[in-house]
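Engineer: give me a 3D structure for the following:
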Amino acid sequence: MAEKHLKDFIEVPEGTEVSIDDFIIKAKGKIGESTKSFENTGLQIKKEGNKVLFSISGDLRSQKKLLNSFLSHFRNMIKGVNLGYIYKLKICSSHFPMTVVAEKNKVTIKNFLGEKIPRTARIYDGVNVKIDGDIITVDGADKEKTSQSGANIEQATRITGKDRRRFQDGCFFIEKDGEKIR
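Structural biologist: Residues are numbered from 1 along each chain as shown. A predicted model of the protein is given here:
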């Protein structure tokens with residue numbers, strides 16, 4: 001039986017630079033730059049003009065899933081470097097007044113539920129955090145780093161061993177990339 005070979009391409013918008021070095025793709029745009037590695041996947045990547053060609057060979061069903069995942073990752077990179085990703089979190093404190101401070105690569109939450117030791121959340125490189133009143137805005141060009149930084153802030157204020165209906169303090173996502181949640 002002959003081996004199947006799947007191909008697809010994505011056009012690179014004007015004003016976006018894409019470079020391919022082995023299996024590492026770098027995209028650079030107005031907002032910033034993003035890098036992604038596609039090693040050990042059997043994927044072939046080529047740049048022809050303003051198109052990036054992706055091809056993969058093997059079992060049709062599993063390889064199609066893999067190819068579509070890579071295409072989604074690359075689309076996210078292109079969107080991120082041109083438009084960026086923005087996540088908003090709300091600071092909710094009903095029992096104790098909480099102080100949230102954004103530093104270089106971390107966010108510090110002081111006096112959470114009256115705790116003496118401050119809680120910290122890691123912020124990845126290339127991600128900006130702004131605090132305006134009770135709204136935390138996390139933005140960046142890389143979707144994975146930006147969303148994980150926001151999730152780190154939310155997880156830093158996670159409460160265990162208490163009734164969540166009564167203890168509703170914390171930092172919670174209210175908007176993910178322009179779409180309101182909750």
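
Engineer: ok, the closest residue to G178 other than its chain neighbours - contacts?
Structural biologist: The shortest distance from G178 to any residue other than its chain neighbours is 6.8 Å, reached at I86 (C-beta to C-beta, 6 or more residues apart in numbering). C-beta coordinates here come from the backbone N, C-alpha and C atoms, glycine included. Counting by C-beta atoms under 8 Å, 6 or more residues apart in numbering, I86 makes contact with T137, V138, D139, T146, E175, D177, G178.

Engineer: which one of those residues is nearest D125?
Structural biologist: T146 (11.1 Å; C-beta to C-beta).

Engineer: out of the contacts of I86, who has the most neighbours?
Structural biologist: Ranked by neighbour count (other C-beta atoms under 10 Å), the contacts of I86 have V138 at the top, with 27 neighbours.

Engineer: quickly note the distance from that residue to M98.
Structural biologist: 17 Å (C-beta to C-beta, to the nearest Å).

Engineer: what pLDDT does the residue nearest to F172 when sequence neighbours are not counted get?
Structural biologist: Spatial nearest neighbour of F172, chain neighbours left out: K90 (5.7 Å); criterion: C-beta to C-beta, 6+ apart. pLDDT recorded at K90 is 94.

Engineer: which ones are touching K90?
Structural biologist: D134, I135, I136, C171, F172, I174.

Engineer: reformat those residues as a markdown table; add pLDDT, secondary structure and neighbour count.
Structural biologist: Compiled in a markdown table, the contacts of K90 are given as follows (pLDDT from 0 to 100; DSSP: H, G, I helix; E, B strand; the rest coil; neighbours: other C-beta atoms under 10 Å):
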| residue | pLDDT | secondary structure | neighbour count |
| --- | --- | --- | --- |
| D134 | 92 | coil | 13 |
| I135 | 95 | strand | 13 |
| I136 | 96 | strand | 25 |
| C171 | 89 | strand | 26 |
| F172 | 90 | strand | 17 |
| I174 | 92 | strand | 15 |
